[in-house]
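J.: I need the structure of the sequence given here:
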Amino acid sequence: MNGFPFLQCQQIDVILYAYFMSHSPEHVECLIIGSGPAGFTAAIYAARADMKPVLYEGMQPGGQLTITTDVENYPGYPEGIMGPEMMDLFRKQAVRLGADIRFGMATSVEFTPGGPQKVMVDGMKEIIAETVIIATGASARWLGIPSEQRLNGSGVSACAVCDGFFYRGQDVAIVGAGDTACEEASYLAKICNKVYMIVRRDEFRASKAMQHRVENTPNIEILYNSETDEVLGDTVVEGLRVKNNVTGATRDIAIKGFFVAIGHDPNTKIFKEFLELDEQGYIVTRPGSTYTSVEGVFCAGDAQDKMYRQAVTAAGSGCMAALDAERWLSARKASVASI
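T.: The predicted structure is shown next:
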């Protein structure tokens, strides 16, 4: 039979059904794109509102906390908790309440005011959603040196506010020259013995006010024209090799914590043709809400928050997004019913 093994009619039916199901749009009431504290919290609240949420976890299930070790600043964990463990608990709670958690990544969208909204997952599965909650987060920029990645979570961090507490009373270093780097250096200076600030050029990019703050802080030492050559240590950070990019000379500094503050990139590229983004690519939301520029589409967490970027604030905005979506959808259904 044309070189193909014989297939029973029943087998053919199963294959055709599987093909049809994989290529037919799936209709859902609430689609959540992305996991982490924002996505899982949105799933918990949407499930409790009987919205039958479907959540696709994205490229990094659990978000940035899955590459974090101890989390000590999230309420409810008096002894602290490991980041991956906390995200696993978030996930289990969402599943227990009825959320449909799936592995997969949104690869394209087609948003229209009022919807329904179209989302392609992994380039092949089409989802038609009454409401969409975006919780794709943001990714920290890294220097790209092997030792930085090898010791990530073992003394290397991209969040001084999250992890600085672990290095209180010790010497640390931070790389960056903008307002965020200056703010985090000032924060670290309050709890650490000494802060080395690695600045690539001979001047800051930060505002004058922030420059003056770090320059006038006694335990911050600024190393201009300097770049990170290597983070030192076998299993944990023990030091830093800094290279002067003018003279070529290197210098080893003994530190326990190394913080990278060269910016974040919001994971929002697939939405740029349909949603209003700011100049840095963060999704713009209506003040005091999670409403985006398209009715029926909401955003929570670091994809719209460039100010706080904390797990607890992301979770809070995930709650807001689910409540906003549920109220918007209820009002829409009531409006249709009255016609």
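J.: And the strand or helix carrying Ile174, what does it pack against?
T.: Here Ile174, judged by DSSP states H and E, is contained in strand 171-175. Packing partners of strand 171-175 (3 or more CB pairs under 8 Å, 6 or more residues apart in numbering; DSSP states H and E): helix 179-191, strand 194-198, strand 250-254, strand 257-260. (C-beta placed from N, C-alpha, C; glycine too.)
J.: Name the nearest residue to Glu238, ignoring sequence neighbours.
T.: Spatial nearest neighbour of Glu238, excluding adjacent residues (CB to CB, 6 or more residues apart in numbering): Leu232 at 5.3 Å.
J.: Phi and psi next, for that neighbour.
T.: phi -100, psi 140 (degrees, to the nearest 10).
J.: Okay, and the beta partners of it?
T.: Per DSSP bridges, residues listed as beta-bridge partners of Leu232: Gly239.
J.: close enough to count as contact, it and Asp252?
T.: Yes: using CB atoms under 8 Å, Leu232 is in contact with Asp252, at 6.9 Å.
J.: Now the common contact residues for the two.
T.: 239-241 (CB atoms under 8 Å, 6 or more residues apart in numbering).
J.: could you dump the helices and strands packed on strand 171-175 to JSON lines with mean neighbour count, mean pLDDT and distance to Thr131?
T.: Below are those laid out as JSON lines (neighbours: other CB atoms under 10 Å; pLDDT from 0 to 100; distance: least, CB to CB, whole Å):
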{"stretch": "helix 179-191", "mean neighbour count": "20", "mean pLDDT": "92", "distance to Thr131": "33"}
{"stretch": "strand 194-198", "mean neighbour count": "24", "mean pLDDT": "98", "distance to Thr131": "44"}
{"stretch": "strand 250-254", "mean neighbour count": "14", "mean pLDDT": "97", "distance to Thr131": "51"}
{"stretch": "strand 257-260", "mean neighbour count": "26", "mean pLDDT": "96", "distance to Thr131": "36"}
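J.: Out of those, flag the one nearest Met307.
T.: When the helices and strands packed on strand 171-175 are compared by CB to CB, helix 179-191 sits nearest Met307, at 9.9 Å.
J.: How far does that closest one sit from its chain's centre?
T.: 21 Å (CA atoms, centre = their mean, to the nearest Å).
J.: and that helix, what does it pack onto?
T.: Under the contact criterion of 3+ CB pairs under 8 Å, 6+ apart, helix 179-191 touches helix 160-163, strand 171-175, strand 194-198, helix 208-215, strand 220-223.
J.: Could you list the paired strands of the second one along with their orientation?
T.: The one in question is strand 171-175. In the sheet, strand 171-175 lines up against strand 194-198 (parallel), strand 257-260 (parallel) (DSSP bridges).
J.: again with the last one
T.: The pairing partners recorded for strand 220-223 under DSSP bridges are strand 194-198 (parallel).
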